[in-house]
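A.B. asks: my questions concern the predicted model and sequence given below.
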Amino acid sequence: AFVPASQATNNGKTAAERALLLDDSIAEAYVAMAMVQGFEGDYRTSMESLRRALELNPNLSVAHLRYAWQLSDVGRLSEAVSEMKRAQELDPISATNNTALGVILIFDRQFERALSFCSRAGELEPNNPAIQENIAIAYLLNGSYDSAIQAYRRQIELAPDQKGKGLAAIAEVLYRANRKGEADTLMPEVLRLAANGEVDAFSITGIYAGAGELDHAFEWFDKALADGML
């Protein structure tokens, strides 16, 4: 049954508080509490909970992962990379840890290393569409356009409901690869899907930016702002 986000957050908070009441030495309970605190927007307390979890169990992979995301959110990127690398080292066969490290490395502009970990995640979970999207982004940033398109097409195969987003991404890759004719051929379908609400305005902004059509890019950027996406 569907549970509203506010109720799910309250349920999670109650469960975490109960676990800590019973035993405040359980690192996993602090991680759970940190997630709830993060959802509530209390990032300072969330980071304190994660630090407490790591004090109790320095080898808890998920605590390092969550702490890395928190550090990234507050702009402490070098520390975030270190924490995420530690999470991956503690659980190297976790697809989540590998793709998360890849994403953090993208943020840190270490594109070649990012591709290595995103690809490793794809080997561990070849049927995960989100991982395929991260692989595509890593290929794009490394200038491997054909491989990026292949990964986006795989994402669409795995998640047909994301077809619009995937086609928009492919169009952007084609424009950035100076393959304007192929990109132009895709655009009517992309814009049709956008009109149906299946492609967000920010994705269309990226396409026109990649094509160098800045007037159209700013037009769609304004739409993204109006939609509350930024």
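C.D. replies: That came through, no problem. Numbers count the residues shown, from 1 in each chain.

A.B. asks: residues touching Val103, list them.
C.D. replies: By Cβ atoms under 8 Å, 6 or more residues apart in numbering, the residues touching Val103 are 114, 118, 134. Placement of C-beta: from N, CA and C, glycine included.

A.B. asks: restricted to buried residues, select these in ChimeraX.
C.D. replies: Applying 16 or more other Cβ atoms under 10 Å to those, the buried members can be selected in ChimeraX as follows:
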select :114,118,134
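
A.B. asks: dump the contacts of Val103 into CSV; add secondary structure and pLDDT as well.
C.D. replies: Formatted as CSV, these follow (DSSP: H, G, I helix; E, B strand; the rest coil; pLDDT from 0 to 100):
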residue, secondary structure, pLDDT
Ala114, helix, 98
Cys118, helix, 98
Asn134, helix, 97
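
A.B. asks: who touches the helix or strand hosting Glu89?
C.D. replies: Per DSSP states H and E, Glu89 falls inside helix 77-90. With contacts defined as Cβ under 8 Å, 6+ apart, helix 77-90 is touched by 59-62, 64-65, 67-69, 71-72, 94, 97-98, 100-101, 104-105, 107-108, 110, 117.

A.B. asks: any idea which helix or strand comes after it?
C.D. replies: Taking DSSP H and E, what comes next after helix 77-90 is helix 95-107.

A.B. asks: show me where this protein has helices.
C.D. replies: 5-22, 27-39, 43-56, 61-73, 77-90, 95-107, 111-124, 129-141, 145-158, 163-176, 180-195, 201-211, 214-226 (DSSP state H).

A.B. asks: least reliable of these going by mean pLDDT?
C.D. replies: Lowest mean pLDDT within the helices of the chain: helix 5-22, at a mean of 51.

A.B. asks: excluding its backbone neighbours, what's nearest Ala53?
C.D. replies: Tyr30 (3.8 Å; Cβ to Cβ, 6 or more residues apart in numbering).

A.B. asks: for that neighbour, grab the count of nearby residues.
C.D. replies: 28 (other Cβ atoms under 10 Å).

A.B. asks: for it, give its distance to Glu79.
C.D. replies: Separation of Tyr30 from Glu79 (Cβ to Cβ, to the nearest Å) stands at 19 Å.

A.B. asks: can you check Glu157 too?
C.D. replies: If you go by Cβ to Cβ, the gap between Glu157 and Glu79 works out to 37 Å.

A.B. asks: just Ile131 next, same as before
C.D. replies: 25 Å.

A.B. asks: cool, and Val62?
C.D. replies: Using Cβ to Cβ, Val62 is found at 17 Å from Glu79.

A.B. asks: nearest residue to Tyr189 other than its sequence neighbours?
C.D. replies: Slight slip there: residue 189 is Glu, not Tyr. Setting aside the residues directly before and after it, Glu189 is nearest to Leu167 in space (Cβ to Cβ, 6+ apart), at 6.2 Å.

A.B. asks: quick check: the one you found vs Ser49, distance?
C.D. replies: Taken as Cβ to Cβ, the span from Leu167 to Ser49 is 41 Å.
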